[in-house]
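Student: Here is my input; please provide its structure:
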Amino acid sequence: MRKIDLIFYIITLILVILFLWQWVSKGNLMSQLNEIHKDAMDLHLLSGIGPLRSTHIHADVKVYINGQAIDFSQRKYQLAARFIHFEDGIGDVVHVHATGLNVGHLLKSLGMDFNSNCIIFERQNYCDGGNKKLKFYVNGQPNSEFDNYVFRDLDRILISYGNGNDAETQKQLDSVTNLAPRYSAEK
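Tutor: Numbers count the residues shown, from 1 in each chain. Okay, the predicted model is just below:
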């Protein structure tokens, strides 16, 4: 056998081995992808959150800490998660793309946390105590669900922390925009 024939056979054998390895590993990859998909579906089922695009609703949201509104139009708050987000540089309207998502999900996607006693913003805890209080309103009415409140289309949400009196709270409630109907009409 000539040297060139031997090199040809070795190269052919290597190519066949690589082809078989790819073929076997792709089967393995597809199996793993199927498992990941099943796991994702199980997590959706257990969490109560629907799959991406299971809804498309909008809500107006405003958050105040010590009388200062958080500006969600900033780039760092835009499109922070695929399932729920602010977009297009508009910081007043949240877009919800999966059923079962709540206010807590939104704020967690933005690096914040929220419950009935505290809101955590930029690693700072703002909790009920002394004359400062955390308030949560849905459509102008106090609501006790706080982070567990599941968004509904066209909701108007206010989260307010501070020592605001009734007049200041009313001013904050009045500042919650009513832009969500414009976006819901476009869907």
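Student: Kindly report the domain assignment for the chain.
Tutor: Domain ranges of the chain: 1-47, 57-186, per automatic domain parsing.
Student: highest average neighbour count across those domains?
Tutor: Highest mean neighbour count among these (mean count of other CB atoms under 10 Å): domain 57-186, with a mean of 16. Just so you know, the C-beta spots here come from the backbone N, C-alpha and C atoms, and that holds for glycine as well.
Student: any idea which helix or strand comes after the worst-scoring helix or strand of the chain on mean pLDDT?
Tutor: Using mean pLDDT, DSSP states H and E, helix 3-47 stands out as the lowest-scoring helix or strand of the chain, at a mean of 73. Following helix 3-47 in sequence order, the next helix or strand is strand 57-65 (DSSP states H and E).
Student: How far does stretch 41-55 stretch from one end to the other?
Tutor: In terms of CA to CA, to the nearest Å, the two terminal residues of stretch 41-55 are separated by 16 Å.
Student: what distance separates it from the middle of the whole chain?
Tutor: Remark: stretch 41-55 is offset 13 Å from the chain centroid, using CA atoms, centre = their mean, to the nearest Å.
Student: Can you list the neighbours in contact with that stretch?
Tutor: 82-83, 96-101, 105 (CB atoms under 8 Å, 6 or more residues apart in numbering).
Student: wait, what's in contact with the spatially closest residue to residue 102 that is not a sequence neighbour?
Tutor: Leaving aside its chain neighbours, residue 102 sits nearest to residue 150 (4.8 Å; criterion: CB to CB, 6 or more residues apart in numbering). By CB under 8 Å, 6+ apart, the contact list for residue 150 reads 100-102.
Student: Please render those as CSV that adds secondary structure and distance to residue 92 to the earlier fields.
Tutor: Shown next, in CSV, are these (DSSP: H, G, I helix; E, B strand; the rest coil; distance: CB to CB, whole Å):
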residue, secondary structure, distance to residue 92
100, coil, 23
101, coil, 18
102, strand, 19
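Student: Same list, the residues you listed, but as TSV with pLDDT and distance to residue 158 please.
Tutor: Below are those laid out as TSV (pLDDT from 0 to 100; distance: CB to CB, whole Å):
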residue	pLDDT	distance to residue 158
100	95	22
101	96	18
102	97	15
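Student: wait, doesn't residue 155 sit right on residue 62?
Tutor: No - between residue 155 and residue 62 there is no contact under CB atoms under 8 Å: 11.6 Å.
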